[in-house]
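Asker: Below are the sequence and a predicted model; questions follow.
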Amino acid sequence: MPLKENIIVILDFGSQYSQLIVRKVRELGYYAELFPWDISESELLKMKPAAIILSGGPYSVYEKGSPYIHDSILSLGVPILGICYGLQALVYKFGGKVEKSSKREFGHSILEILDNDPLFEGLPKRFDVWMSHSDRVEEIPKGFSVIASSENSPFAVIKNERAKIYGVQFHPEVSHTKFGKKIISNFIEKIVGLQRNWEMDDFINSKVNELKEIIGDEKVLLGLSGGVDSSVLALLLKRAIGDNLIPIFVDTGLMRLNEKEEIYNTFKDLKINIEIVDAKDRFFKALKGVMDPEKKRKIIGHVFIDVFYETTKKLEKNYGKIEFLAQGTLYPDLIESKVAERKASVKIKTHHNVGGLPENLPFKIIEPFRYLFKDEVRKIGKILGLPENILYRHPFPGPGLAVRILGEVTEESVERLRKADHIFNEELKKQGLYNEVWQAFAVLLPIKTVGVKGDYRTYENVIALRAVTSEDGMTADWARLPYDFINVVTKRIINEVEGINRVVYDVTSKPPATIEWE
């Protein structure tokens, strides 16, 4: 944890948007961290938080076993902001009334400001907010007053001015809420009165010193995939420990077109030597006949670690005992994998950097980015001089193309998908659209459809194209790419990739879908 005092503590009541609160606060220049709602009093006291934000959640305050507000939270005497369920939990805690709403409120709603309060300083009297609740406040507790309402929520924003406790029924952390970031900023600046304390330059300096202290003269292994996270981590470790860094690129056979060559040449220019391991045959053999996506992830994770371990044994003949393994685990990786930091939400998938590791792993794990978001890692990469062709690459899953092939993974299916994916991204770059989307890729579907090529009937596979806009991948909207562009990509894929006779475009947002198909 980079900071131990004056942080904004976000308590997680189970919302899938909880991490967005952290991200928004950090974007404003304040350090924030996410903790489970039932964090112990001693842990909370150690942090000396400047303020506490209570997230939303899928519960009703009257449900048995639903999260609640501990007395220790209130005893700190710091400003509190409750969001959605966080508001309802505050109302319930202080003796107000929360009931099932006669009309559920999901989506856009107009918020009407009723009082000149610092929380809404500089904002219009009416604006659009994003609601997502089935319960609503029917009666506010003694000592509280209402400062904003919506059509279906008469107590959409309340406050206890003396205690500096605020509650909002809507979600200021999501992009759908107009002025949401300004509301959070007003809470921290005007109500909490906190000085900015989160800059990437400061993080780099403190993390380099911390790594030097932890690692000393020992060697550190790094699985270098060529993605943003591991690439930035390589530069950070290089700065901290120099040639004691041993980056390993495992060629799984599941990477994008020409990936190995591009990565090798890029890091050669950065004066970082990479150990390249050809393990394609082992991965394809292990994946033979496997259809389930979770099994694919776990198999790939296990084979990867086995290859890593064997490679380490060989390297130790030259370098001596290797103590550490560095991983580019990010904060959303932890959140989506339901690790100890987050108890209240539902697991979405096993992340490739979290879980699935053997219990007898012979390394001490270093995860310098485990409390960072992707955009923060990119800022670090820019400061450290990572080339733009790597810095602004779209995210790529750890299991590679295996989780973009629905069904069995074979060398033939990977090659088919690899070519289609390359065409899609090549055209995005040609037409200046690559940096306009957060992520774009092709998916090979396990179905065949009838088609016609020339004078012949075909029965071939389908490729799905997926492109999304997003801030951090935790929520996303499908990208409205030009029809003419999709037409060009479709024609190229069908003409240039053998075995494909149909291309479809995915127009589903996250939620309800995930960005990846598996």
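Answerer: Thanks, I have it.
Asker: what's the neighbour count on residue 412?
Answerer: Other residues within reach of residue 412, judged by other CB atoms under 10 Å, total 10. No exception for glycine: its C-beta is placed from N, CA and C like everyone else's.
Asker: whoops, I mixed them up, residue 255
Answerer: As a burial measure, the neighbour count of residue 255 was computed by other CB under 10 Å and equals 21.
Asker: Helices of the stretch 301-450 of the chain, residue ranges please.
Answerer: In the stretch 301-450 of the chain, helices defined by DSSP state H, counting those that start in this stretch lie at 331-336, 374-384, 388-391, 411-430, listed in chain order.
Asker: Hmm, I typed the wrong one, I wanted the stretch 151-300 of the chain.
Answerer: For the stretch 151-300 of the chain, helices defined by DSSP H, counting those that start in this stretch occupy the ranges 180-186, 200-215, 228-241, 259-269, 280-287, 293-319.
Asker: Could you dump those into JSON lines with distance to residue 444 added?
Answerer: Putting these into JSON lines (distance: least, CB to CB, whole Å) gives the following:
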{"stretch": "helix 180-186", "distance to residue 444": "38"}
{"stretch": "helix 200-215", "distance to residue 444": "38"}
{"stretch": "helix 228-241", "distance to residue 444": "24"}
{"stretch": "helix 259-269", "distance to residue 444": "17"}
{"stretch": "helix 280-287", "distance to residue 444": "14"}
{"stretch": "helix 293-319", "distance to residue 444": "13"}
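Asker: nearest to residue 377, of the ones you listed?
Answerer: helix 228-241 (5.1 Å; CB to CB).
Asker: chain center to the closest one, what's the gap?
Answerer: 20 Å (CA atoms, centre = their mean, to the nearest Å).
Asker: What lies in contact with it?
Answerer: With contact meaning CB atoms under 8 Å, 6 or more residues apart in numbering, helix 228-241 is reached by 204, 207-208, 211-212, 215, 220, 222-224, 245, 247, 266-267, 270-272, 326-330, 368-369, 374, 377-378, 380-381, 384-386, 390-393, 395.
Asker: List only buried entries from these.
Answerer: Buried members of the contacts of helix 228-241, counted by 16 or more other CB atoms under 10 Å: 204, 207-208, 211, 215, 220, 222-224, 245, 247, 266-267, 270, 272, 326-330, 368-369, 374, 377-378, 380-381, 384, 386, 390-391, 393, 395.
Asker: In this structure residue 142 contacts residue 94, no?
Answerer: Yes. Here residue 142 reaches residue 94: they are 7.4 Å apart, a contact under CB atoms under 8 Å.
Asker: These two: which is more packed in?
Answerer: Neighbours per residue, other CB under 10 Å: of residue 142 and residue 94, the larger number sits with residue 94, 18 against 8.
Asker: Contacts only, for that one.
Answerer: Residue 94 makes contact with 141, 142, 143, 144, 160 under the criterion CB under 8 Å, 6+ apart.
Asker: Quick one, grab the pLDDT at the closest residue to the second one other than its chain neighbours.
Answerer: Spatial nearest neighbour of residue 142, excluding adjacent residues (CB to CB, 6 or more residues apart in numbering): residue 95 at 6.7 Å. At residue 95, the pLDDT value in this model is 95.
Asker: what is the mean pLDDT for stretch 432-445?
Answerer: In this model, stretch 432-445 has an average pLDDT of 96.
Asker: Please write out the alpha-carbon positions of that stretch in PDB.
Answerer: Taking C-alpha atoms only, stretch 432-445 is exported to PDB below (Å, rounded to 0.1, in the frame of the first residue of the first chain):
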ATOM      1  CA  GLY A 432      -6.800   6.100 -37.300                       C
ATOM      2  CA  LEU A 433      -9.300   4.200 -35.100                       C
ATOM      3  CA  TYR A 434      -7.000   2.100 -33.000                       C
ATOM      4  CA  ASN A 435      -6.600   4.700 -30.200                       C
ATOM      5  CA  GLU A 436     -10.300   5.600 -30.400                       C
ATOM      6  CA  VAL A 437     -11.300   2.200 -28.900                       C
ATOM      7  CA  TRP A 438     -10.200   0.700 -25.600                       C
ATOM      8  CA  GLN A 439      -9.900  -2.800 -26.900                       C
ATOM      9  CA  ALA A 440     -10.600  -4.600 -30.200                       C
ATOM     10  CA  PHE A 441     -10.200  -8.200 -31.200                       C
ATOM     11  CA  ALA A 442     -11.700 -11.100 -33.100                       C
ATOM     12  CA  VAL A 443     -13.300 -14.300 -31.700                       C
ATOM     13  CA  LEU A 444     -13.500 -17.600 -33.400                       C
ATOM     14  CA  LEU A 445     -17.000 -19.100 -32.900                       C
END
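Asker: Could you pull out the buried residues of that stretch?
Answerer: Taking 16+ other CB under 10 Å as the basis for neighbour counts, the residues of stretch 432-445 that come out buried are 433, 434, 437, 438, 439, 440, 441, 442, 443, 444, 445.
Asker: Contacts for it next, please.
Answerer: Applying CB under 8 Å, 6+ apart, the set of residues contacting stretch 432-445 from outside is 392, 394-395, 404-406, 413, 416-417, 420-421, 424-425, 427-428, 461-471, 473, 476, 479, 481, 485, 493, 506, 515, 517.
Asker: Looking at these, which are in strands?
Answerer: Residues from the contacts of stretch 432-445 lying in strands, with DSSP state E as the criterion: 461, 462, 463, 464, 465, 466, 467, 468, 469.
Asker: And those residues, which of them are buried?
Answerer: 461, 462, 463, 464, 465, 466, 467, 468.
Asker: Roughly how far does the first one sit from residue 113?
Answerer: Translated: residue 461. For residue 461, the distance to residue 113 under the criterion CB to CB, to the nearest Å works out to 55 Å.
Asker: Also residue 233?
Answerer: If you measure residue 233 against residue 113 using CB to CB, the figure is 45 Å.
Asker: ditto for residue 427
Answerer: Using CB to CB, which is the criterion applied here, residue 427 is 46 Å from residue 113.
Asker: Residue 262 now?
Answerer: Taking CB to CB as the measure, residue 262 falls 52 Å from residue 113.
Asker: Switch the contacts of residue 94 over to TSV; also include distance to residue 52 and pLDDT.
Answerer: Putting those into TSV (distance: CB to CB, whole Å; pLDDT from 0 to 100) gives the following:
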residue	distance to residue 52	pLDDT
141	18	95
142	21	96
143	18	95
144	17	97
160	14	97
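Asker: With that, I have no additional questions.
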